[in-house]
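**Student:** below are the sequence and a predicted model; questions follow.
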Amino acid sequence: MSKKYDQYFKKPSIKEARKRKTTTTEILDLDQLVNIKNIGAGKHYLLMTYGCQGNEADSETMKGIFERLGFEATTDESRADIIILNTCAIRENAENRIFGELGRLKQYKRTNPDLILGVAGCMPQEERVVDKLLESYPYVDLIFGTHNIHKLPAYLETALYGKERVIEVFSDEGQIIENLPKIRDHKYKAFVNIMYGCDEFCTYCIVPYTRGKERSRSPKHIINEVNELVREGYKEVTLLGQNVNSYGRDFTDQSYTFSNLLKDLQKTDMARIRFTTSHPKDFDEETVNVLATAKNLMPHIHLPVQSGSNKVLKKMNRKYTKESYLALAESIYTHIPHASLTTDIIVGFPGETEEDFEETLDLVKQANFEGAFTFIFSAREGTPAARYEDHTSMEDKKRRLQTLNKEVNAGYLRGNQRFENKTVNVLVDGVSKNNKAILAGYSEHYKLVNFKGDESLIGQIVKVKITEVKTWFLKGELNENT
Ligand code: 5AD
Ligand code: SF4
């Protein structure tokens, strides 16, 4: 080991991470957490974020902490005094990419021996990963997980000034911490965590272990945050949770559900409200009804189905059937006309036969999805499905994925075609990736729209008449009267 680590050394345990305890909220005063104020003065940080919106939201908090401590952001790796990778553990290829990235970043340690290299997020929550980092990546100076971001100031102080290696990963999620600073990535749209963790334990999924017990933030804190964002000029929020439909299930002092929260947020002046991710087993009628009536709740619902086979769904511990999923989709389409449904699907789950896969294809056809994230099953150590027998070859799994993607892509196109010659509201994000003279933004149904317009429109909601439909985006003309 190249450096000592005295003050902090705590590894996670996947066994401990299964345990569920009660939740409390702590309002944190960041200024009390460091001895040396302004510890980042004259220093540059670089944060690389991988994975889901939960990680993006956590990175916004880390940036807030860095900048409160006086660090300045840089995108230049050779200039950074500290580089942190906020990692994702959901599939093996996500992890392999990050190990590769660590190998590449090692070179900067030669040119700058004082560089601090850190690994944060979901990967350090896995015992196996921490062991591998200790064994094969001794040049990593800082390792912390998803439950202790609020301790980043103390870790930075120890690593920078104590020159000690810091390894501290809690298996236990502890309290909800409010009042942490945030530097948001966008000026007009924001993520708002409504809950943390997950209690579902789908048998393939590592998240309940890496993100801990399900904990709902208090309605008051969420509503205040949304009102504050309105005051700051934000036009859109996305409410975040692993299963937003179970929001409030952990409250012991009140009965307040996701539909209650939507009803309260609908009364705010936030122009657009989205949410992700939904769980079909908990998506109740009340929620469908609120969505049907409120103008600022967007008509796009991401509703992961994972499989269309009842046998596979049972083995996945999803707790719904193909029939009940389709009934829910039907109810959504009936009550929220024009709603757009997207989904997540896993192919090649252990024991999935050709017939099971055919059931998935059949469900995809019936549910009228307008988009999907599709994955090949990846065994995650510590989860039940990693121990299930799996006789399907990778070749067959890839073929299933290809067949599925053809169907899914047809759905993207069909979904976009609905808007040909229609006028849609677009929140202008910025200029198009491929052409700087073109503006890009998302419609209410979460369709990417490109059109000609002035950069001064960025951050505004404008009307655009759709003139051309592609599989991945729509082209249109700005309605000058908006
Ligand atoms: N293998 C493949 N896909 C997975 N997902 C979660 N865990 C795994 C896994 N072990 C997918 C699910 C989930 C999405 C975020 O990632 O479809 O909805
Ligand atoms: Fe994973 Fe299932 Fe929780 Fe989603 S609901 S994070 S798939 S365990």
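**Tutor:** Okay, I see it. The shown structure was predicted, so the numbers you read here are calculated from the model rather than taken from an experiment. Residues are numbered from 1 along each chain as shown. Ligands and ions are numbered 1, 2, ... in the order given.
**Student:** what sits against the residue lying closest to residue 72 once chain neighbours are set aside?
**Tutor:** Excluding the flanking residues, the one nearest residue 72 by CB to CB, 6 or more residues apart in numbering is residue 44, at 5.3 Å. No exception for glycine: its C-beta is placed from N, CA and C like everyone else's. By CB atoms under 8 Å, 6 or more residues apart in numbering, the contact list for residue 44 reads 71, 72, 73, 74, 76, 79, 80, 81, 82.
**Student:** how near is residue 44 to residue 221?
**Tutor:** Distance, residue 44 to residue 221, by CB to CB, to the nearest Å: 32 Å.
**Student:** how about residue 84?
**Tutor:** 26 Å.
**Student:** and for residue 205?
**Tutor:** 27 Å.
**Student:** the two: who's more crowded?
**Tutor:** residue 205 (21 against 17; other CB atoms under 10 Å).
**Student:** could you check which helix or strand contains the more buried one?
**Tutor:** Using DSSP states H and E, residue 205 sits within no helix or strand.
**Student:** now tell me what touches stretch 102-118 from outside.
**Tutor:** 77-78, 80-85, 119, 137, 139-144, 156, 159-160.
**Student:** buried residues in it?
**Tutor:** If you call a residue buried by 16 or more other CB atoms under 10 Å, then stretch 102-118 has these buried ones: 102, 105, 108, 109, 115, 116, 117, 118.
**Student:** just the ones of those residues in strands?
**Tutor:** 116, 117, 118 (DSSP state E).
**Student:** generate JSON lines for these, with pLDDT as supplementary columns.
**Tutor:** Formatted as JSON lines, those follow (pLDDT from 0 to 100):
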{"residue": "116", "pLDDT": "95"}
{"residue": "117", "pLDDT": "96"}
{"residue": "118", "pLDDT": "96"}
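**Student:** most proximal residue of the stretch 251-400 of the chain with respect to ligand 2?
**Tutor:** Of all residues in the stretch 251-400 of the chain, residue 279 sits closest to ligand 2, at 5.4 Å by CB to the nearest ligand atom.
**Student:** and residue 389, how many neighbours?
**Tutor:** Residue 389 has 6 nearby residues by other CB under 10 Å.
**Student:** tell me who's in contact with the residue in the stretch 1-150 of the chain positioned nearest to ligand 2.
**Tutor:** Evaluated by CB to the nearest ligand atom, the stretch 1-150 of the chain has residue 90 as its residue closest to ligand 2, separated by 8.2 Å. Residues near residue 90 by CB under 8 Å, 6+ apart: 51, 52, 122, 205, 206, 207, 378, 380.
**Student:** please repeat the previous calculation with a cut-off of 7 Å.
**Tutor:** 51, 206 (CB atoms under 7 Å, 6 or more residues apart in numbering).
**Student:** make sure I have this right: it is in a helix.
**Tutor:** No. Going by DSSP: H, G, I helix; E, B strand; the rest coil, the assignment for residue 90 is coil, not a helix.
**Student:** what's the distance between it and ligand 1?
**Tutor:** 5 Å (CB to the nearest ligand atom, to the nearest Å).
**Student:** and the pLDDT for that residue?
**Tutor:** Looking at residue 90, its pLDDT stands at 96.
**Student:** go on, residue 7?
**Tutor:** pLDDT at residue 7 comes out at 65.
**Student:** which one of the contacts of residue 44 sits closest to residue 461?
**Tutor:** residue 73 (28.8 Å; CB to CB).
**Student:** for the closest one, give the beta-bridge partners.
**Tutor:** Beta-bridge pairing of residue 73 under DSSP bridges involves residue 45.
**Student:** going forward can the numbers begin at 15, since that is how I track them
**Tutor:** Sounds good: first residue 15 from here, last item residue 87.
**Student:** please look at it and residue 54 and confirm they touch.
**Tutor:** No. Look at residue 87 against residue 54 with CB atoms under 7 Å: they stay out of range, at 10.5 Å.
**Student:** and the two? Which one has more around it.
**Tutor:** Higher neighbour count among residue 87 and residue 54: residue 54, with 23 against 13, using other CB under 10 Å.
**Student:** that one contacts residue 82, doesn't it?
**Tutor:** No. The pair residue 54 and residue 82 fails to qualify as a contact (CB under 7 Å) at a distance of 8.7 Å.
**Student:** distance check, residue 252 against residue 314.
**Tutor:** Taken as CB to CB, the span from residue 252 to residue 314 is 11 Å.
**Student:** is residue 273 located within a strand, as I assumed?
**Tutor:** No. Counting by three-state DSSP, residue 273 is not part of a strand but helix.
**Student:** which ones are touching it?
**Tutor:** 298, 300, 301, 304.
**Student:** how about the helices of this protein, start to end?
**Tutor:** Secondary structure of the chain, counting by DSSP state H: helices at 28-31, 67-82, 106-119, 121-125, 141-150, 166-175, 221-224, 233-245, 272-280, 299-307, 324-330, 336-349, 368-381, 408-431.
**Student:** which strands and helices sit next to the longest one?
**Tutor:** It stands for helix 408-431. strand 354-361, helix 368-381, strand 386-390 (3 or more CB pairs under 7 Å, 6 or more residues apart in numbering; DSSP states H and E).
**Student:** can you give me the buried ones in that helix?
**Tutor:** Under 16+ other CB under 10 Å, the buried positions of helix 408-431 are 411, 414, 415, 418, 421, 422, 425, 426, 429, 430.
**Student:** model confidence over that helix, on average?
**Tutor:** Per-residue scores along helix 408-431 average to 98.
**Student:** what about that helix and ligand 1, touching?
**Tutor:** No. Taking CB under 6 Å from any ligand atom as the criterion, helix 408-431 and ligand 1 are apart, separated by no less than 10.6 Å.
**Student:** mind listing residues that contact that helix?
**Tutor:** Outside helix 408-431, the residues that touch it by CB under 7 Å, 6+ apart are 354, 359, 361-362, 371, 374-375, 378-379, 383-386, 388, 390, 461, 483-486, 488.
**Student:** from those, list just the buried residues.
**Tutor:** 354, 359, 361-362, 371, 374-375, 378, 383-386, 388, 390, 461, 483, 488.
**Student:** and the chain, which residues reach ligand 2?
**Tutor:** Contact residues, the chain versus ligand 2 (CB under 6 Å from any ligand atom): 212, 214, 215, 216, 219, 221, 222, 256, 257, 293.
**Student:** tell me the contacts of the last one?
**Tutor:** By CB under 7 Å, 6+ apart, the residues touching residue 293 are 214, 257, 259, 260.
**Student:** rewinding a little: mean pLDDT and distance to residue 457 for the helices and strands packed on helix 408-431 - can I get that in TSV?
**Tutor:** Formatted as TSV, the helices and strands packed on helix 408-431 follow (pLDDT from 0 to 100; distance: least, CB to CB, whole Å):
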stretch	mean pLDDT	distance to residue 457
strand 354-361	98	9
helix 368-381	98	21
strand 386-390	98	18
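**Student:** take those and lay them out in TSV including distance to residue 289.
**Tutor:** Formatted as TSV, the helices and strands packed on helix 408-431 follow (distance: least, CB to CB, whole Å):
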stretch	distance to residue 289
strand 354-361	13
helix 368-381	19
strand 386-390	16
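**Student:** would you turn those into TSV with distance to ligand 1?
**Tutor:** Shown next, in TSV, are these (distance: least, CB to the nearest ligand atom, whole Å):
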stretch	distance to ligand 1
strand 354-361	3
helix 368-381	12
strand 386-390	4
